[in-house]
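Q: turn this into a model:
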Amino acid sequence: MKILIACEYSGVVRDAFRKLGHDAWSCDILPCDSDPRFHIQGDVLSILNDGWDMMIAHPPCTYLCRAGTSWNRRDPTRLQKTQDAFEFFMKLYNAPIDKVAVENPAGVVSTRFRKPDQYIEPYFFGDPYPKKTGLWLKNLPCLKPTNVVEPQVIFYNGKRYSVIHDGPPGTHRNDRAKARSKTFQGIADAMASQWGTE
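A: Next up is the predicted model:
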């Protein structure tokens, strides 16, 4: 299949599909962190009509997730950014592509569009981290867990944090943002093995 991995610069999901023989390409406004030969740097909306059989999209959640929208009351300038982010999400979901999966945390999309078809966690697929992520699916089945493991968490001032966040708020801010946006290998492999035969 010809597969587009939208809003991905790591190449993790793209490479999982390529290993199974698919013509998979990543696209992001950022350069690729891995092999740039199969990466399109630019606006993904400009290539949605290029004959893709499947698209897996990872639109930014900064202005869509619950934590992000909680800032909207304090900073009204964020309201338009939330609207723009939601419209971008919907353009990806409604793309003229037969099979589509769009991921995002719980938040604006769940209330303005609909609830996701399923929520997944990295620890369902062998990576021991909690990171609840919704999948909005079109002509694709829900992912089945492949290797459920115990999630690793840390506690700070009585609050529970995922290890992937590198600690409590305010620590390693730039590294945390990049780490949180990367798809875990176990999820990428499950997408490729389960959806690559659809």
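
Q: contacting residues around whichever strand or helix holds Leu79?
A: In the assignment (DSSP states H and E), Leu79 maps to helix 78-93. Identification of contacts with helix 78-93 by CB atoms under 8 Å, 6 or more residues apart in numbering yields 6, 44-45, 48, 55, 57, 59-64, 68-69, 71-72, 100, 102, 104, 108-109, 112-113, 136, 138. Yep, even glycine has a C-beta here, placed from its N, CA and C like the rest.

Q: let me know the secondary structure of the residue nearest to Leu48 when sequence neighbours are not counted.
A: Once flanking residues are discounted, Leu48 sits nearest to Ala95: 4.4 Å by CB to CB, 6 or more residues apart in numbering. Look at Ala95: counting by DSSP: H, G, I helix; E, B strand; the rest coil, its state is coil.

Q: contacts only, for Ala95.
A: Leu48, Trp52, Met55.

Q: may I ask which of the residues you listed has the most neighbours?
A: Using other CB atoms under 10 Å as the neighbour test, the contacts of Ala95 are led by Met55, with 25 neighbours.

Q: partner strands of the helix or strand hosting it, with direction?
A: Remark: Met55 resides in strand 54-57, with elements defined by DSSP H and E. Here strand 54-57 has these sheet partners by DSSP bridges: strand 2-6 (parallel), strand 99-104 (parallel).

Q: CA atoms only for the first one, dumped as CSV, please.
A: What follows is the C-alpha trace of strand 2-6 in CSV, where atoms were taken according to Å, rounded to 0.1, in the frame of the first residue of the first chain:
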residue,chain,number,x,y,z
LYS,A,2,0.9,3.6,-0.5
ILE,A,3,0.8,5.0,3.1
LEU,A,4,1.2,8.5,4.4
ILE,A,5,2.3,9.1,8.0
ALA,A,6,1.2,12.7,8.6
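
Q: by how many degrees do whichever helix or strand comes after that strand and strand 99-104 diverge?
A: Using DSSP H and E, the helix or strand that follows strand 2-6 in sequence is helix 12-19. Per axes from the mean of the first three to the mean of the last three CA atoms, to 10 degrees, the angle that helix 12-19 makes with strand 99-104 is 150 degrees.

Q: give me the phi and psi for Pro59.
A: Phi and psi for Pro59, reported as degrees, to the nearest 10, are phi -60, psi 150.
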